[in-house]
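Asker: Sequence and predicted structure below; questions after.
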Amino acid sequence: QVELVESGGGSVQQGGSLRLACKASRSIRAYCMAWFRQAPGKQREGVAAIDSDGDTSYAASVEGRFTISRDNAKNTLYLQMDSLKPEDTGMYYCAAEGVGLDPASFGYWGQGTRVTVSS
């Protein structure tokens, strides 16, 4: 069992930046970790994932603007979000122990942190 707590969400203007963090209750070293988001009225979608070797994958909509990283010593996952757009608005969730960007494969989820981007 691992508990995940997200932080760093907020409201920004288009073009701005935010850095999300996800603190785990124990070691995440062996896990594939990922960020997902859900906009109002839409399904949850994968944003970025990083496996235990540090290999990353991104949704096409965020490629080149978002960067996922992990600090295993701090049991923490990060998502650096730059050049934010209004369509990036939503609740952002951290997830652990899954595969790629498939939400159905992940076993552990945080409660989410809200991101709002205004035009």
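Answerer: Cool, the structure landed.

Asker: Quickly list what Gln80 is bridged to.
Answerer: On the basis of DSSP bridges, Gln80 is bridged to Arg19, Thr67.

Asker: check contacts around it.
Answerer: Residues near Gln80 by Cβ atoms under 8 Å, 6 or more residues apart in numbering: 17, 19, 66-69. All C-beta spots, glycine's among them, are computed from the backbone N, C-alpha and C.

Asker: Name the SS class of the closest residue to Ser7 other than its chain neighbours, please.
Answerer: The spatial neighbour of Ser7 that comes closest, neighbours along the chain excluded (Cβ to Cβ, 6 or more residues apart in numbering), is Ala21 at 5.1 Å. Three-state assignment for Ala21 (DSSP: H, G, I helix; E, B strand; the rest coil): strand.

Asker: What about Ala21, how many residues nearby?
Answerer: Neighbourhood size, Ala21 [other Cβ atoms under 10 Å]: 17.
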